[in-house]
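1. coords please:
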Amino acid sequence: MAGERILVVDDDPGMGQLLKRVLEKESLKVFNVLCGEEALEELEKREFDLVISDIKLPGMDGLELLKKTKQLSPDLMVIMITAYAKVESAVEAMKIGAYDYITKPFRTDELKLVVAKALERQRIIEENRYLRQELSKKSWQGNMVIGSQVMHNIFATINQVAQTNATILVTGESGTGKELVARAIHYASPRRENRLMTIHCSSLPESLLENELFGHVKGAFTGAHESKKGLFEVAHHGTVFLDEIGDLPLGTQAKLLRVLQEHEVRRIGGTEYIKIDVRVIAATNQDLETAVQEERFREDLYYRLKVIPIRIPPLRERKDDMPPLLQYFLNKFNQENNKNVKGFSTNALEAIMAHHWPGNVRELENLIERVVILSQKDIIGLEDLPGSVLKKGEADEVRLSFPNYIPYRECRDWVLKEFNQKIIEEKLRLTRGNISQAAKDLAIERAHLQRIMRRYGLSAKDYRS
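-> Model prediction:
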């Protein structure tokens, strides 16, 4: 804490001066007023980082001041303080938007701790606002929808690391938004005017993958009629995003390690090393520490990538993000499909919030797109949700009353998808996430099962507990 501006509102001059002395010892700038009306005048004249207000004030009370403060500055942190420690007042203050609530008499260390936490939260909000402004200047159309504290913290981390050249490893289950984080880092960084090149490491065989990454010289192999730059050269002064890095072949891992250590590449068939200036961001849904132990991933490369680790929690661990995500996707697909779905019934919303969401944000996005397209009502009801989102009894009820306006082909495709997803989920559950065993039981190739799992947003890690 240093230099932040705090407005103290208390009709007791002695209490106001006590707060001023305690907080100014922490290098904070404190402004004292005696009533709510004076506080509003100050808030309109200058900006503050925090408001500390007594609930019992002459004229306009503290709760009314809190409401008006939130109308003026919705993100401004407000701490309520009072000698009248009624639970009702505390609950009401928190509902209106107070950051915290403490009672007199209080210890000075308690006050300083609450103030420090409030100012830290305010700093994160300001950093997030700045980063959003920076992102909005770019052509990138993605959005990071944030409701939970953990995502606020991740956004603040993005803002910090974007200004560096450090290599970043983004981890998280499929569908959590790892590529979105990589894009946010690039477009908030000094490299934003240069290229962001993305490659999915599991999508190509080793020879083609290395050709994409490092390029080749003319005559390097049959059909190489001219030289070609790889992604690292194309992204010079920019960023390379290596998605699904856990699937990178061991031979290619050794070459990538040299790129990270020496900042140079050698094209396939070439003899010269070419200097590059590239920021590398990698992402994976795998446990790379386990992969290192099983000798499927190089330990030296793992630590070279993990300079700055960012973990994106699964959606089930950040349910506070659900309401803003639902609203965002609802608006998005209403606009794209010229629809006017206004929201969800209470039962539908409860089912959505209770769902495990193994496919995370991607699964949620696909669900909202489907229900918006198929809905002929203003409000999405329980009967509009697929069986995978509902409890068993609810799912049976929905199947019995499946909307008769859906054409046969769409109905058939829906049933087949539900069947495929359910049988794969069951096999993964029975094998405790062992993909090889599940593929064997299903009599399909392991790679084919992995492709299907990615399509449905399924992760083997969810079934290993």
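2. contact partners for residue 253?
-> Residue 253 makes contacts with 297-298, 301, as judged by Cβ atoms under 8 Å, 6 or more residues apart in numbering. The way it works is simple: take the backbone N, C-alpha and C, and place the C-beta from them, glycine included.
3. can you rerun that using 10 Å?
-> 201, 245, 296-298, 300-302, 305 (Cβ atoms under 10 Å, 6 or more residues apart in numbering).
4. could you do residue 117 as well?
-> Residue 117 sits next to 77, 79, 99-100 when contact means Cβ under 10 Å, 6+ apart.
5. neighbour-wise, which one of those residues leads?
-> Neighbour counts for those peak at residue 77, which has 25 neighbours (criterion: other Cβ atoms under 10 Å).
6. give me the phi and psi for that residue.
-> Per-residue torsions, residue 77: phi -70, psi 140 (degrees, to the nearest 10).
7. for residue 150, same thing?
-> Note on residue 150: its backbone torsions stand at phi -60, psi -40 [degrees, to the nearest 10].
8. pLDDT value on it, please?
-> Listed pLDDT for residue 150 reads 88.
9. distance of residue 451 relative to residue 288?
-> 21 Å (Cβ to Cβ, to the nearest Å).
10. correct me if wrong: residue 126 contacts residue 155.
-> No. Judged on Cβ atoms under 10 Å, residue 126 makes no contact with residue 155 at a distance of 11.3 Å.
11. of these two, who's got more company?
-> Comparing residue 126 with residue 155 by other Cβ under 10 Å, the one with more neighbours is residue 155, at 21 against 14.
12. I figured the more buried one hits residue 181, correct?
-> Yes. The pair residue 155 / residue 181 is scored as a contact, 9.2 Å apart, by Cβ under 10 Å.
13. so where's the stretch 1-150 of the chain uncertain?
-> Along the stretch 1-150 of the chain, segments meeting pLDDT under 70 span 1-2, 84-87, 127-144.
14. tell me how this structure divides into domains.
-> The chain breaks down into these domains under automatic domain parsing: 5-126, 149-311, 316-463.
15. do you know the pLDDT at residue 446?
-> pLDDT, residue 446: 84.
16. against residue 458, how distant is the residue lying closest to it once chain neighbours are set aside?
-> The shortest distance from residue 446 to any residue other than its chain neighbours is 4.4 Å, reached at residue 439 (Cβ to Cβ, 6 or more residues apart in numbering). As judged by Cβ to Cβ, residue 439 and residue 458 stand 13 Å apart.
17. now do residue 176
-> 13 Å.
18. look at those two and report which has more neighbours.
-> Comparing residue 176 with residue 458 by other Cβ under 10 Å, the one with more neighbours is residue 176, at 27 against 24.
19. which residues touch the more buried one?
-> Taking Cβ under 10 Å, 6+ apart as the test, what residue 176 contacts is 170, 283, 285, 311-315, 317-318, 357, 359-362, 457, 459.
20. right, and residue 329 touches residue 364 too?
-> Yes. If you go by Cβ under 10 Å, residue 329 and residue 364 touch, sitting 6.9 Å apart.
21. which residues touch residue 23?
-> Here residue 23 is in contact with 1, 4, 6, 8, 29-30, 50, 52, 108, 111-112, 115 (criterion: Cβ under 10 Å, 6+ apart).
22. check residue 464 too.
-> Contacts of residue 464 (Cβ under 10 Å, 6+ apart): 287, 428, 431-434.
23. my guess is residue 180 meets residue 360, correct?
-> No. Assessed by Cβ under 10 Å, residue 180 is found out of contact with residue 360, at 11.6 Å.
24. what do the two both touch?
-> Jointly contacting residue 180 and residue 360 under the rule Cβ under 10 Å, 6+ apart are residue 312.
25. between those two, which is the more surrounded one?
-> residue 360 (25 against 17).
26. I figured that one was touching residue 322, is that so?
-> No. Using Cβ under 10 Å as the test, residue 360 is too far from residue 322 to be in contact (11.3 Å).
27. pull up the overlap in contacts between the two.
-> 315-316.
28. and for residue 217, the neighbour number?
-> Applying other Cβ under 10 Å, we find 17 residues neighbouring residue 217.
29. done for today, thanks.
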